[in-house]
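[1] Sequence first, predicted model second:
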Amino acid sequence: MDQKHVVVVGGGWAGCSAAVGAIQAGAKVTLLERTDMLLGTGLVGGIMRNNGRFTATEEMMAMGGGKLFSLCDSNARHKKISFPGHDHASLYDIATTPVAVTDLLRDMGVELVFESRVNKITKTGNRIMEVQDDRGRVFAGDVFVDATGTAGPMNNCNKYGNGCAMCILRCPSYGGRISLAGLAGIEEMTGQKKDGSMGAMSGSCKLYKESLSREIQDLLNETGVAVVPVPVELTEDHLDQKACQQYALDAFKENLVLLDTGHAKLMTPFYKLETLRKIPGCENARYEDPYSGGKGNSMRYFNMAPRTDALQVVGLENLFCGGEKAGPLVGHTEAMVTGMLAGHNSVRQALGMELLGIPESLAIGDAIHHVGEMVHTIEGIGKKYTFSGSVYFDRMKEKGLYTTDVNVITARVETTGLTEVFSKDLHI
């Protein structure tokens, strides 16, 4: 059987996972990344396994899609930590993890092409034939995965946010995000905030750990978490603007919640620097990414693609999507599980096989189906969904899907018949 070629556009967690899923299914894989590094917003992320993400992680491991999750575990600075509203979390190192992912993909045989911003496509009927980047390089494929995300570009941050923060997405340097589905003529959807305005702001930013007091540094290094009370007169409330509604708790307004991912991850979209420096222990505080963290952050949840539960983009035969492109699923774990399914199903489509849908008896399958339905409702498009909190974690608990018992999770996957499904070469 001829080996199929999958082209993944976007090298965040969803694109990397799609590449792993497709190459494990036996395909040749080319991954095109707009910037010079993999992981996208995962370069300033780091939170894994908190709350229901533990369940989703173990489900994916049981299904044979656990390579990237295992890599995050092995690069964790802290494991089994708690912070307000969240338990048994792991924090991966934002310095070592991107390099480890890059090495893993190359070792697996993924062709990585950096500084490749796709801005043109060639289409025949409802099939994409090839894509072209802004350097004029052309990449043909049997099937494509859109993992371009929904954050930025600069005009969205300027229009719907507080201006370009020159964040880790680095649009001024590498050009703004361009949607592959949009280039193909697909009418996409935009998320909303509670007040009905467009998009949502990234939920955290980075401080140089060395700019904080020795006491806070020691606490972060030893425990992974520092909760610093904020005097009432210095409180800033940005909770409703956050994309990450699982962290929109009063504790994140009344305190500075800091997590150690190699630097100090501040769990708020932004905080006025002058005010921040009045809080004990933060007198010398300085932002890292985003560089304008005293004013704003990247805007997300523009250009989400209509898709099926198999993550096939509606209206195109050979385009799949993962991560935020597949709907308002928030987080690295969410991007990785949708990316894995998109990459796997892209190979199934290329081989003429029936596409895989994950049953709703598993948290991953239920989340993909539920969000796919909710984005088509007025109420649902204004919400964000994640295994780790807010409305979807509540749903997980109500349906009995949340558990940290690995044996129970493994047995559930066995019941669906999907054990190691993502590890099998479909060409054989």
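    Received, thanks.
[2] alpha carbons only for contacts and neighbour counts from here, please
    Noted.
[3] Rounded mean pLDDT for the top helix by length along the chain, please.
    Using DSSP state H to define each element, the chain has its longest helix at helix 332-350. The average pLDDT for helix 332-350 rounds to 98.
[4] For it, enumerate the helices and strands it packs against.
    Under the contact criterion of 3 or more Cα pairs under 8 Å, 6 or more residues apart in numbering; DSSP states H and E, helix 332-350 touches helix 13-24, strand 47-48, helix 53-62, strand 143-146, strand 319-321.
[5] Now with 7 Å, please.
    Here helix 332-350 touches helix 13-24, helix 53-62, strand 143-146, strand 319-321, going by 3 or more Cα pairs under 7 Å, 6 or more residues apart in numbering; DSSP states H and E.
[6] continuing past the third one, what's the next helix or strand?
    Sequence-wise, the next helix or strand downstream of strand 143-146 (DSSP states H and E) is helix 154-160.
[7] buried residues in stretch 103-119?
    104-105, 109-119 (16 or more other Cα atoms under 10 Å).
[8] Take the residues you listed and keep only those in strands.
    Counting by DSSP state E, those place 111-113, 118-119 in strands.
[9] Tell me which two in those are the farthest apart.
    E111 and N119 (19.5 Å; Cα to Cα).
[10] what number of residues lie near the closest residue to V330 other than its chain neighbours?
    Nearest in space to V330, with sequence neighbours left out and distances taken as Cα to Cα, 6 or more residues apart in numbering, is T386 at 5.2 Å. Neighbour count of T386, defined by other Cα atoms under 10 Å: 26.
[11] What's opposite T386 in the beta bridge?
    Beta-bridge partners recorded for T386 (DSSP bridges): G389.
[12] Could you check how far it is from L105?
    Here T386 is placed at a distance of 26 Å from L105 (Cα to Cα, to the nearest Å).
[13] want to throw the helices and strands packed on helix 332-350 into JSON lines with mean neighbour count, mean pLDDT and distance to D2?
    Below are the helices and strands packed on helix 332-350 laid out as JSON lines (neighbours: other Cα atoms under 10 Å; pLDDT from 0 to 100; distance: least, Cα to Cα, whole Å):
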{"stretch": "helix 13-24", "mean neighbour count": "32", "mean pLDDT": "98", "distance to D2": "14"}
{"stretch": "helix 53-62", "mean neighbour count": "25", "mean pLDDT": "98", "distance to D2": "28"}
{"stretch": "strand 143-146", "mean neighbour count": "29", "mean pLDDT": "98", "distance to D2": "14"}
{"stretch": "strand 319-321", "mean neighbour count": "32", "mean pLDDT": "98", "distance to D2": "20"}
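[14] of all those, which lies closest to G125?
    strand 319-321 (12.6 Å).
[15] can you give me how far the closest one is from the chain middle?
    16 Å (Cα atoms, centre = their mean, to the nearest Å).
[16] what does stretch 76-91 give?
    18 Å.
[17] same check, this time on stretch 318-326
    12 Å.
[18] Could you tell me the end-to-end distance of that stretch?
    15 Å.
[19] How about stretch 418-428?
    Taking Cα to Cα, stretch 418-428 runs 18 Å from one end to the other.
[20] So for it, mean pLDDT?
    Per-residue scores along stretch 418-428 average to 96.
[21] likewise stretch 118-134?
    98.
[22] quick one: buried residues of that stretch?
    118-121, 127-133.
[23] got the contact list for it?
    116-117, 138-141, 178, 183, 315-318 (Cα atoms under 7 Å, 6 or more residues apart in numbering).
[24] go again using 8 Å as the cut-off
    With Cα atoms under 8 Å, 6 or more residues apart in numbering as the test, stretch 118-134 has contacts from 9, 32, 34, 116-117, 138-144, 178, 180, 183-184, 315-319.
[25] same deal with stretch 8-20?
    Applying Cα under 8 Å, 6+ apart, the external contacts of stretch 8-20 come out as 29-34, 37-42, 68, 101, 105, 108, 110, 118, 144-149, 180, 322-323, 332, 335-344.
[26] likewise stretch 49-68?
    Contacts of stretch 49-68 (Cα under 8 Å, 6+ apart): 17, 21, 48, 69, 86-90, 101, 333, 336-337, 340, 362-364, 387-389, 393, 396, 401-404, 406, 409-410, 413, 418-423.
[27] Pull up the distance across it, start to finish.
    13 Å.
[28] picking up where we left off before, format the helices and strands packed on helix 332-350 as a markdown table; extra columns: distance to V232.
    What follows is those, written out as a markdown table (distance: least, Cα to Cα, whole Å):
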| stretch | distance to V232 |
| --- | --- |
| helix 13-24 | 37 |
| helix 53-62 | 33 |
| strand 143-146 | 44 |
| strand 319-321 | 44 |
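[29] And the ones you listed: which comes nearest C164?
    Set against C164 and scored by Cα to Cα, these come closest in helix 13-24, at 22.6 Å.
[30] what are the C-alpha coordinates of the closest one, in CSV please?
    The C-alpha coordinates for helix 13-24 follow below in CSV (Å, rounded to 0.1, in the frame of the first residue of the first chain):
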residue,chain,number,x,y,z
TRP,A,13,0.7,21.3,20.8
ALA,A,14,-2.1,20.4,18.4
GLY,A,15,0.1,20.3,15.3
CYS,A,16,2.8,18.4,17.1
SER,A,17,0.3,15.8,18.3
ALA,A,18,-1.3,15.6,14.9
ALA,A,19,2.2,14.9,13.4
VAL,A,20,2.7,12.1,16.0
GLY,A,21,-0.7,10.7,15.3
ALA,A,22,-0.2,10.6,11.5
ILE,A,23,3.3,9.2,11.6
GLN,A,24,2.2,6.5,14.0
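[31] and that helix with helix 332-350, angle?
    40 degrees (axes from the mean of the first three to the mean of the last three Cα atoms, to 10 degrees).
[32] Make 13 the first number, not 1, from now on.
    Sure thing, new numbering starts at 13, so read that last one as helix 25-36.
[33] elements contacting the helix or strand just after helix 25-36?
    Scanning forward in sequence from helix 25-36 by DSSP H and E, the next helix or strand is strand 40-44. With contacts taken as 3+ Cα pairs under 8 Å, 6+ apart, strand 40-44 sits against strand 17-21, helix 25-36, strand 123-125.
[34] Show me where the stretch 63-212 of the chain has its helices.
    Applying DSSP state H, counting those that start in this stretch to the stretch 63-212 of the chain gives helices spanning 65-74, 79-86, 108-120, 166-172, 183-186, 192-195.
[35] so how far is the fifth one off the chain centroid?
    Counting by Cα atoms, centre = their mean, helix 183-186 is centred 20 Å from the centre of its parent chain.
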